[in-house]
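[1] After the sequence you'll find the predicted model.
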Amino acid sequence: MSTPALRNGEVARFEEVLGLGDDALIAAQRLAEWCARAPDLEEDVALANIALDQLGAARLLLSYAGELEQAGRGEDELAYLRDDRQFRNVLLVELPNGDFATTMAKLLFLATAQRLRYRRLAAGSDQRLAGIAAKAVKESTYHLEHAALWTVRLGDGTDESHRRMQLAIDELWPYSYELCDDPAGGAGGELAWQEWSAVVTPVLREATLTVPADGGWAPRGGRVGRHTEHLSYLLAELQVLHRAHPGASW
Amino acid sequence: MSTPALRNGEVARFEEVLGLGDDALIAAQRLAEWCARAPDLEEDVALANIALDQLGAARLLLSYAGELEQAGRGEDELAYLRDDRQFRNVLLVELPNGDFATTMAKLLFLATAQRLRYRRLAAGSDQRLAGIAAKAVKESTYHLEHAALWTVRLGDGTDESHRRMQLAIDELWPYSYELCDDPAGGAGGELAWQEWSAVVTPVLREATLTVPADGGWAPRGGRVGRHTEHLSYLLAELQVLHRAHPGASW
Amino acid sequence: PPADDYFHQVIAADQKIEPRDAMPEAYRRTLVRQIAQHAHSEIIGMQPESNWISRAPSLKRKAILLAKVQDEAGHGLYLYAAAETLGVSREELVDKLLTGRQKYSSIFNYPTLTWADVGAIGWLVDGAAIVNQVPLCRCSYGPYARAMIRICKEESFHQRQGFEILYTLARGTAAQRELAQDAIDRWWYPSLAMFGPPDSDSTHSEQSMAWKIKRFSNDELRQRFVDMCVGQAEVLGLALPDPQLRWNPDRGGYDFTQPDFDELFQVISGDGPCNRQRLAHRRAAHDEGEWVRRAAAAYAAKSAERRAA
Amino acid sequence: PPADDYFHQVIAADQKIEPRDAMPEAYRRTLVRQIAQHAHSEIIGMQPESNWISRAPSLKRKAILLAKVQDEAGHGLYLYAAAETLGVSREELVDKLLTGRQKYSSIFNYPTLTWADVGAIGWLVDGAAIVNQVPLCRCSYGPYARAMIRICKEESFHQRQGFEILYTLARGTAAQRELAQDAIDRWWYPSLAMFGPPDSDSTHSEQSMAWKIKRFSNDELRQRFVDMCVGQAEVLGLALPDPQLRWNPDRGGYDFTQPDFDELFQVISGDGPCNRQRLAHRRAAHDEGEWVRRAAAAYAAKSAERRAA
């Protein structure tokens, strides 16, 4: 992954764009697993829409990462020819979909972080990234609204849905810390986490859900390629056909 | 798959041994999925045992198939470097494990067929195959006993287990026809199916289960490489690591 | 009765029947059955294709395929909405699908074994669907005709994408070319069977023609499809698996081998390779979504109550 | 009391305590806790390794790995049986595992990310287990000591297999060699932590030593393990990730960097990378097996009734 030709700042920029691209790609892959199995047809359409947005952002980000790297890798080389130790996505996006409540909690958490980050990047000095982010921030707004709507419906729906939604929030909350880290390097985005929490917490309150206590377990590692056991299975499926035909065009 | 250097009879022998090897390999892969998730520890040990027997038979059969083919392929080339359209196993073994009743029904059906076939091969003129079959027939006897024991326990256990066992038998019964076909070519092993049924039916009766009516749907295609949608997923997982490192030794 | 007179006048004048218009009960039932079957086909049809979304060989193809399957869900929504104008609810129809009392297109009971099948479905299955559906854009029932106009536009887009997949494979590596030919070999006859039994055996056709629901016979449409495919297959550089296929200058169309109608009836009656799998998948998705739909209803009721208070 | 006298005489004479012998309640409780934790570790330890059975890179390696995981289930059985001789049931112990009231070895809360991890677990984790367990073959409680003899024999077989995996990778392609080194880098310190906290902080040790359950201190065993690994790593041609590692002729052992004990306590207290996953997996397997165990019990009861009738 290290590219000696690049200077430190360029490596950091490459890693950042790659990390955001990987987040979007893996999220798209997971969301697309819902295809033809959503709770109703409208939701089949909506989840496919969100998956398509994530996939679209992933393609732009990975293409740009490839250009920054200057090693001749395009979106497909980056998506299909790395193994899990070289992927830079946060752990949250690679976790299994679980039930619909878990998927919505994942999306709520992810879209909140993506929206904050894309908004910042859209106003940043990297014109190319700003352009990608300006498009993506609108999409994230829709994703966040959709996830928030379902979080409230499920949290404030039936006893069963409340129980499931609370369980999903409790299980995924620890992954929010890594989600808010600076994607180009290590832990420590505490300010960003407060911003994140300021968006998510009111949604949970409206949903009559208990906001988990701060602190505690905070699994990390995705940004340095130390993933969960789930990612390599996801990649095996994602990459199987591409890898079976080296050098082929599709 | 066709090897012009071989005469017709040799091709048929190659296809037969390959088919039996693929049956055992795919069955082993499915059975091993139970590892660390069986209903109790004793069953974890038993299922691993049976998976190991199947895997052992698969290795012997595929190695022999490779020799018959005379194309320089060994057990690993045959297991890891074919795609699903080139696999020759029956559909039964590639179906998902389902619940424990489904797994036991699959094993009951498979072990019965394997036992009948291995017994015949053990007395056959191909000395090499006879040797493999002589070992395998003993193992099949144990597999059959184990599956029959559970079929009876579940069939004659609780209402819940009876319901599940009956469902499994009903769902898998149609796959028994292909299972009894001549592995080297096409349909028509009706005699074999009667033999098979003569073993399975008394088990079902003892288990207080209804024996499905003969005839009706009889899915086929595995022996000519036309599988279910499940097999390519199974192979993607089975082969991912081997294929990621072409030519490597392990 | 005068109401029926109006209906027959509209049909005769090639105008549209609209939801509030009086119509013969048999016309209504025929339409409900046909539109529902069509909607179900879109929904079940999502399965064989979504089987390859996770494994699509490039990100661009993944996006195109995902968008296509999403379109199918959208088509399902239009069509259920069109059926609802005839006084049935989507829930009723879905229940009929799940309990096997209404059918969906038998073509979706074949498995997608390789990536090339995605191309073959686009080219052949969507191609056959278009040939079937273009005349339905002029169907006498307004909401159905309008839904079909929108759907046909998207379908022809899908068909082009499928053709493109095969075109790329046919010009790719030897292995890719083999995948493409293998897919066409498996999908050709099932696609021909999509036009239904031969006219000599077709049961519902005559009345549907009179009502201007149907405009052409099964065999006419099948011929049109074959004639269309032959040229396209040449452009692809792939063979259609029919040694009998040849131009007949007297008829001005291609002679071809009919599909195996026994197999078609077997698949229709429930014994295709994937009938059980497709229905089980749909039932499982429906059952697993039950608590979500219930929660949404409960929340909507609470919200309405709060607004009322 | 005289019963206790007998117990102390047996301990002093380095003989075995057997199930029917009187023993101090604290001794019994300590043993139950330790044997149960050991049994639980075998069961939970099946998970990280079975993660790679389906993907093992050759059929031979697949068979070896499957057999190894099977051995672990077998070890769990012996150990639960040994614990049962102390008057607890397997069900009770499993329940304590599933509800988090009894622990298992923290090492299994790390993920197996690549195939090389299977090698590293065999070489380092099983290696550390053997160093820990060999002295237990002389433990004062007979059934535990005898179970350990059998287990240690199999473990040393597993350790050799792990070593062999790494040896092959280290001599393979550059990518394989990288996998092997990466796995050792990740597993080295967690393996050192398997010997528990430093002697200065160890709570149960002194009494266990007196009862001859434990024979060596945590730090003694850790040193023994390090000394053993250094030479083996040289044979492998792979580096142990510790720049401080060097021979100390005064002590006659290697100086080395201690593992991060804060991390160890964090993992023990439940916050390792996979604690939740491992327990959730075990609970799911247990719950999903419930109906099967119930059916087996019902059938056994019916059969007994029939035999009685």
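    Looks like it came in fine.
[2] Let me see the contact set for residue C:148.
    Contacts here follow C-beta atoms under 8 Å, 6 or more residues apart in numbering or on different chains; on that basis residue C:148 touches C:133, C:136-137, C:139. For the C-beta atoms, the positions are set from N, CA and C on the backbone; glycine is no exception.
[3] Produce a PyMOL select command limited to the buried residues of the residues you listed.
    If you want just the buried ones from these in PyMOL, going by 16 or more other C-beta atoms under 10 Å in any protein chain shown, the selection is:
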select buried, chain C and resi 133+136+137+139
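[4] Take the contacts of residue C:148 and keep only those in helices.
    In helices, judged by DSSP state H, the following of the contacts of residue C:148 are found: residue C:133.
[5] With adjacent residues omitted, what lies nearest to residue 104?
    Because you didn't say which chain, this covers chain A. Using C-beta to C-beta, 6 or more residues apart in numbering or on different chains and skipping residues adjacent in sequence, the residue nearest residue A:104 is residue A:150, 4.4 Å away.
[6] nope, chain C please
    Among residues not flanking residue C:104 along the chain, residue C:40 sits closest, at 3.9 Å (C-beta to C-beta, 6+ apart).
[7] OK, contacts around the residue in the stretch 151-300 of chain C that chain B sits nearest to?
    When scored by C-beta to the nearest C-beta, the stretch 151-300 of chain C has residue C:271 as its residue closest to chain B, at 4.3 Å. Shown in contact with residue C:271 (C-beta under 8 Å, 6+ apart): B:216-217.
[8] and the gap between it and chain D?
    Separation of residue C:271 from chain D (C-beta to the nearest C-beta, to the nearest Å): 31 Å.
[9] Can you name every helix or strand that the strand or helix carrying the residue nearest to residue A:104 contacts?
    Element membership for residue A:150 (DSSP states H and E) is helix A:127-155. With contacts taken as 3 or more C-beta pairs under 8 Å, 6 or more residues apart in numbering or on different chains; DSSP states H and E, helix A:127-155 sits against helix A:41-69, helix A:100-122, helix A:159-172, helix A:190-206, helix C:275-308.
[10] I'd like the distance from the shortest one to the chain centre, please.
    In other words, helix A:159-172. 20 Å (C-alpha atoms, centre = their mean, to the nearest Å).
[11] and after that helix, which helix or strand comes next?
    Using DSSP H and E, the first helix or strand after helix A:159-172 is helix A:176-180.
[12] other SSEs contacting that next one?
    Partner elements for helix A:176-180 (3+ C-beta pairs under 8 Å, 6+ apart): helix A:91-94, helix A:100-122, helix A:190-206.
[13] Distance from the least confident helix or strand in chain A by mean pLDDT to the middle of the chain?
    Least confident helix or strand of chain A, by mean pLDDT, DSSP states H and E, is helix A:190-206 with a mean of 90. Taking C-alpha atoms, centre = their mean, one finds helix A:190-206 lying 17 Å from the centre of the chain it belongs to.
[14] Which helix or strand contains residue C:63?
    Using DSSP H and E, the element containing residue C:63 is helix C:59-84.
[15] angle of that helix against helix A:41-69?
    Put simply, helix C:59-84 runs at 160 degrees to helix A:41-69, going by axes from the mean of the first three to the mean of the last three C-alpha atoms, to 10 degrees.
[16] Helix C:59-84 near chain B anywhere?
    No - contact of helix C:59-84 with chain B (C-beta under 8 Å from any C-beta of the partner chain) is absent, the minimum separation being 15.1 Å.
[17] and that helix, is it in reach of chain A?
    Yes - counting by C-beta under 8 Å from any C-beta, chain A has neighbours in helix C:59-84: C:59-63, C:66-67, C:69-70, C:73-74, C:76-77, C:80.
[18] Whichever of those residues end up buried, select them in ChimeraX.
    A single ChimeraX command is used to select the members of the residues of helix C:59-84 next to chain A judged buried by 16+ other C-beta under 10 Å:
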select /C:59,61,62,63,66,67,69,70,73,74,76,77,80
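[19] separation between residue A:146 and residue A:47?
    9 Å (C-beta to C-beta, to the nearest Å).
[20] the more surrounded of those two?
    Shown here are residue A:146 and residue A:47; by other C-beta atoms under 10 Å in any protein chain shown, residue A:47 has more neighbours (25 against 19).
[21] Checking the closest residue to that one other than its chain neighbours next. Helix, strand or coil?
    Sequence neighbours aside, residue A:34 is the residue nearest to residue A:47 in space, at 4.6 Å (criterion: C-beta to C-beta, 6+ apart). State at residue A:34, reduced to three classes by DSSP: H, G, I helix; E, B strand; the rest coil: coil.
[22] Next, residue A:34: phi, psi?
    Residue A:34 adopts backbone torsions of phi -70, psi -20, taken as degrees, to the nearest 10.
[23] tally of neighbours for it?
    21.
[24] likewise residue A:123?
    11.
[25] Repeat that for residue C:189.
    Residue C:189: 18 neighbours (other C-beta under 10 Å).
[26] got it, and the one 3 residues further on?
    In terms of burial, residue C:192 registers 23 neighbours under the definition other C-beta under 10 Å.
[27] Need the per-residue pLDDT for it.
    Reported pLDDT at residue C:192 in the predicted model: 98.
[28] same deal with residue A:4?
    The model reports residue A:4 with a pLDDT of 52.
[29] how close does residue A:179 get to residue D:273?
    When distance is defined by C-beta to C-beta, residue A:179 is 16 Å away from residue D:273.
[30] need the residues of the stretch 201-309 of chain C near chain A, please.
    When proximity is defined as C-beta under 8 Å from any C-beta, the stretch 201-309 of chain C approaches chain A at C:281, C:284-285, C:288-296, C:298-299, C:302.
[31] From those, keep the buried residues only.
    Among those, the ones that count as buried by 16+ other C-beta under 10 Å are C:281, C:285, C:289, C:291-292, C:295-296, C:298-299.
[32] Which residues of chain C lie near chain B?
    Contact residues (C-beta under 8 Å from any C-beta) of chain C with chain B: C:48, C:51, C:55, C:111-114, C:182, C:186, C:270-271, C:273-274, C:276-277.
[33] returning to that earlier point: TSV please, covering the contacts of residue C:148 and showing distance to chain A and pLDDT.
    TSV is the format used below for the contacts of residue C:148 (distance: C-beta to the nearest C-beta, whole Å; pLDDT from 0 to 100):
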residue	distance to chain A	pLDDT
C:133	20	94
C:136	21	94
C:137	23	95
C:139	23	94
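[34] Specify which member of the contacts of residue C:148 is nearest to chain D.
    Closest approach between the contacts of residue C:148 and chain D, by C-beta to the nearest C-beta: residue C:133, at 43.6 Å.
[35] hang on, isn't the closest one packed against residue C:155?
    Yes - using C-beta atoms under 8 Å, residue C:133 makes contact with residue C:155 at a distance of 6.8 Å.
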